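Enquirer: how would this look folded up:
(chains A and B)
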Amino acid sequence: MEQLRTRFAPSPTGYLHIGGLRTALYSYLYAKKNNGKFILRIEDTDQGRYVDGAVDIIYRTLHETGLDYDEGPDVGGDYGPYIQSQRADEYMKYALQLVESGHAYYCFCSEERLESLPSVNGARRYDKHCLSLSKQEIRRRLDDGEKFVIRQNMPTTGSTTYHDAVYGDITIENSELEDQILIKSDGMPTYNFANVIDDHLMGINCVMRGIEYLSSTPKYNLLYDAFGWERPMYIHMPPIMKDAQHKLSKRNGDASYEDLIKKGYLKDAIINYIALLGWSPKDDSEKMSFDELLAKFDISGINKSPSIFDPKKLAWLNSLYIKEMTPEAFADYATPWIQNSYLKNFDKTLVCKLTQSRVETFAEIEDKLRFLAEFDKFDVALYDNQKQKTNADTARQVLPLVRNKFARVETWDNEHLYNALVELAAELEVKNGKVLWPARIALTGWAATPGGASEIAELLGREETLRRLDRSVADLG
RNA sequence: GGCUCCAUAGUCUAGCGGCCUAGGACGUUGGCCUCUCACGCCGAUAACAUGGGUUCGAGUCCCAUUGGAGUCACCA
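Expert: Model prediction:
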């Protein structure tokens, strides 16, 4: 059997979007599942939209996420070059072949004439005006150096049907098809044309892409037919939405892969989550490693309807990946966030210990412990706690004793500090909560904190702990 | 607007005529655990868009309506 060859063909116009990444993911998974090849091709036929550095982002993101392509601009291959602007010469040749066979024709129409065309149902349609030009006239105008484009000559009757692996059979009336431009007046091919030529030349027999191409696929097929080439297998996928009405897009400032990484999402969680957007495994698996994804992926699990990107679920998945990291790995990954904030002045191991099970993204670490850096006067009502039976009055009695206990603690760590507090409670013949609660409030001024009084005291250090205790006692009057 | 496609809870989804008094997950929420919070564990909440068919039987098939998406560029 012929080897499966599929490709990811992005345009270097900026960051790699979540939708694009998912397309690459599915293509990669499907290719690998079938012992096929996954190819990267850069579609830069529109110089106007080229963004510097965008190509590098594509390479980097794909490699970082493990979507290693077998052939591509930076890794080579037998079908290169893999950048369309470097294959520019090829396209005209094929377009001319189509002109020769009558499947395409020269068009000299001016922009003004095009704009004057009547619009039908809200859309202007080219009227095949130049199709009737005589050979001599075309020759003459070409010799005169007139600007031209080459258009595909669509049949006006009949219909075109094709099969999509996700959406099934799709039929479109040929009369709906416009004589689209194949070669632009600057001599460059349009995306649609270059795509077909390159896919064929590169032996691509499986095309996976977004649903936005579903309705132009008949045009592609007509091109394949005109050349007498075999049509590829098509797998279109539904869009990823920001909400019910809007697609996720960089234009609206929606998160790209890089943004998510910067916010502290793990690449495994991102991949895992987007795999689940529009696809589901046969079983009920949710959290899946890359290898499990590879084992379970199947195009029959691809959904037909658009799915909305849910940051909450991504965050949940991310927290799962964070929790399963070893403390060392977590500390390692958290380093940039810690180093770039007030947290750099605190014990990293302790900071990590208190936050690993409490954050969904690394960016949250900073917020969770902000009381370490900011200790302002707080409302004494915080000492009120029904369950522990504490309030400002009980705090006033207990806090000075806590201070004294702490002052005498020799080894400043959680265990000793905790024992000191429990000991105090025992001496006073009260429940632990009666001293633990006010102690924590007095040290932080926060109703809820990661870790308890002793853990926070350990993090603050002896000096700062006693200082805060003194101040809180003073504030109680 | 024309054309194409889609339609299970707030969200992601399972379901391919009887196993569905619709399953899983996020979220929300009650409880347990607990030095508060978080984690973890146990429970709850909420859906087959509507109307017609077909069939002994419909979330599953057909049609219509409604809603949504995509597309209609010398952009990809």
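Enquirer: Pretty sure A:Ser151 sits against A:Asp179.
Expert: For the record, residue A:151 is Arg, not Ser. Yes. Assessed by Cβ atoms under 8 Å, A:Arg151 is found in contact with A:Asp179 at 4.4 Å. In short, each C-beta sits where N, CA and C put it, glycine included.
Enquirer: okay, the two: which has more neighbours?
Expert: A:Arg151 (24 against 21; other Cβ atoms under 10 Å).
Enquirer: how about the residue of chain A found nearest RNA strand B, what does it touch?
Expert: Using Cβ to the nearest atom of the strand, the closest approach of chain A to RNA strand B is made by A:Gly452 at 2.3 Å. Residues near A:Gly452 by Cβ atoms under 8 Å, 6 or more residues apart in numbering: A:Tyr418, A:Leu436, A:Arg440.
Enquirer: Are there residues contacting both of A:Arg151 and A:Asp179? Which ones?
Expert: The contact lists of A:Arg151 and A:Asp179 share A:Cys107, A:Tyr126, where a contact means Cβ under 8 Å, 6+ apart.
Enquirer: Give me the phi and psi for A:Ser256.
Expert: Dihedral pair for A:Ser256: phi -100, psi 170, per degrees, to the nearest 10.
Enquirer: That one - nearest residue in space that isn't next to it in sequence?
Expert: A:Tyr15 (3.8 Å; Cβ to Cβ, 6 or more residues apart in numbering).
Enquirer: Tell me the pLDDT of that neighbour.
Expert: Listed pLDDT for A:Tyr15 reads 82.
Enquirer: right, and it touches A:Ile58 too?
Expert: No. Contact criterion Cβ under 8 Å: A:Tyr15 and A:Ile58 do not qualify, at 9.2 Å.
Enquirer: Comparing those two, which residue is more hemmed in?
Expert: Remark: of A:Tyr15 and A:Ile58, A:Ile58 carries more neighbours, 25 against 19, as counted by other Cβ under 10 Å.
Enquirer: In terms of helix, strand or coil, where does the nearest residue to A:Leu214 once chain neighbours are set aside fall?
Expert: Distance criterion Cβ to Cβ, 6+ apart; nearest residue to A:Leu214, sequence neighbours excluded, is A:His236 at 4.8 Å. Secondary structure assignment for A:His236 (DSSP: H, G, I helix; E, B strand; the rest coil): strand.
Enquirer: A:His236 bridge partners, please.
Expert: A:Arg209 (DSSP bridges).
Enquirer: contacting residues around it?
Expert: Applying Cβ under 8 Å, 6+ apart, the residues near A:His236 are A:Asp164, A:Val166, A:Tyr167, A:Met208, A:Arg209, A:Gly210, A:Ile211, A:Tyr213, A:Leu214, A:Thr217.
Enquirer: out of those residues, who's nearest A:Val409?
Expert: A:Gly210 (62.4 Å; Cβ to Cβ).
Enquirer: The closest one reaches A:Arg22, doesn't it?
Expert: No. Taking Cβ under 8 Å as the definition, A:Gly210 is not a contact partner of A:Arg22, at 9.1 Å.
Enquirer: Give me the number of neighbouring residues for the residue nearest to A:Ser305 when sequence neighbours are not counted.
Expert: Spatial nearest neighbour of A:Ser305, chain neighbours left out: A:Pro238 (5.7 Å); criterion: Cβ to Cβ, 6+ apart. Residue neighbour count, defined by other Cβ under 10 Å, stands at 20 for A:Pro238.
Enquirer: can you tell me which residues contact A:Pro238?
Expert: A:Pro238 neighbours (Cβ under 8 Å, 6+ apart): A:Ile211, A:Gly278, A:Ile302, A:Asn303, A:Lys304, A:Ser305, A:Pro306, A:Ser307.
Enquirer: how far away is the residue nearest to A:Leu214 from A:Gly76?
Expert: Distance, A:His236 to A:Gly76, by Cβ to Cβ, to the nearest Å: 29 Å.
Enquirer: Likewise for A:Ile170?
Expert: Taken as Cβ to Cβ, the span from A:Ile170 to A:Gly76 is 36 Å.
Enquirer: what do you get for A:Gly14?
Expert: 25 Å.
Enquirer: Check A:Leu294 too.
Expert: 24 Å.
Enquirer: ditto for A:Pro336
Expert: 34 Å.
Enquirer: and what of A:Leu98?
Expert: 30 Å.
Enquirer: If you count surrounding residues, which of these two has more?
Expert: Taking neighbours as other Cβ under 10 Å, A:Leu98 and A:Gly76 compare with A:Leu98 leading, 21 against 12.
Enquirer: quick one, phi psi at the closest residue to that one other than its chain neighbours?
Expert: Leaving aside its chain neighbours, A:Leu98 sits nearest to A:Ala104 (3.7 Å; criterion: Cβ to Cβ, 6+ apart). The phi/psi pair for A:Ala104 (degrees, to the nearest 10) reads phi -150, psi 170.
Enquirer: thinking A:Leu177 is in contact with A:Pro218, fair?
Expert: Yes. Using Cβ under 8 Å, A:Leu177 is in contact with A:Pro218, at 6.3 Å.
Enquirer: Mutual contacts of these two, please.
Expert: By Cβ under 8 Å, 6+ apart, the residues touching both A:Leu177 and A:Pro218 are A:Thr160.
Enquirer: and stretch A:428-436, anywhere near RNA strand B?
Expert: Yes. Counting by Cβ under 7 Å from any atom of the strand, RNA strand B has neighbours in stretch A:428-436: A:Asn432, A:Gly433, A:Leu436.
Enquirer: For the residues you listed, pick the one with the most neighbours.
Expert: Neighbour max across those (other Cβ under 10 Å) = A:Leu436, 22 neighbours.
Enquirer: OK, contacts around that one?
Expert: A:Gln388, A:Leu421, A:Ala425, A:Gly452, A:Ala453.
Enquirer: That one: helix or strand, and which one exactly?
Expert: Following DSSP states H and E, one finds A:Leu436 within helix A:432-444.
Enquirer: Restrict the helix or strand just after that helix to CA atoms and write it as CSV.
Expert: Using DSSP H and E, the helix or strand that follows helix A:432-444 in sequence is helix A:453-460. Presented in CSV, the C-alpha positions along helix A:453-460 are these (Å, rounded to 0.1, in the frame of the first residue of the first chain):
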residue,chain,number,x,y,z
ALA,A,453,0.5,29.3,60.8
SER,A,454,3.6,27.3,61.4
GLU,A,455,4.4,26.8,57.7
ILE,A,456,4.1,30.5,57.1
ALA,A,457,6.2,31.3,60.2
GLU,A,458,8.9,29.0,58.8
LEU,A,459,8.8,30.9,55.5
LEU,A,460,8.8,34.3,57.1
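Enquirer: Any chance you could list what contacts helix A:453-460?
Expert: A:346-347, A:350-351, A:353-354, A:369, A:372, A:406, A:412-414, A:417-418, A:420-421, A:436-437, A:439-440, A:443-444, A:449, A:451, A:465, A:468.
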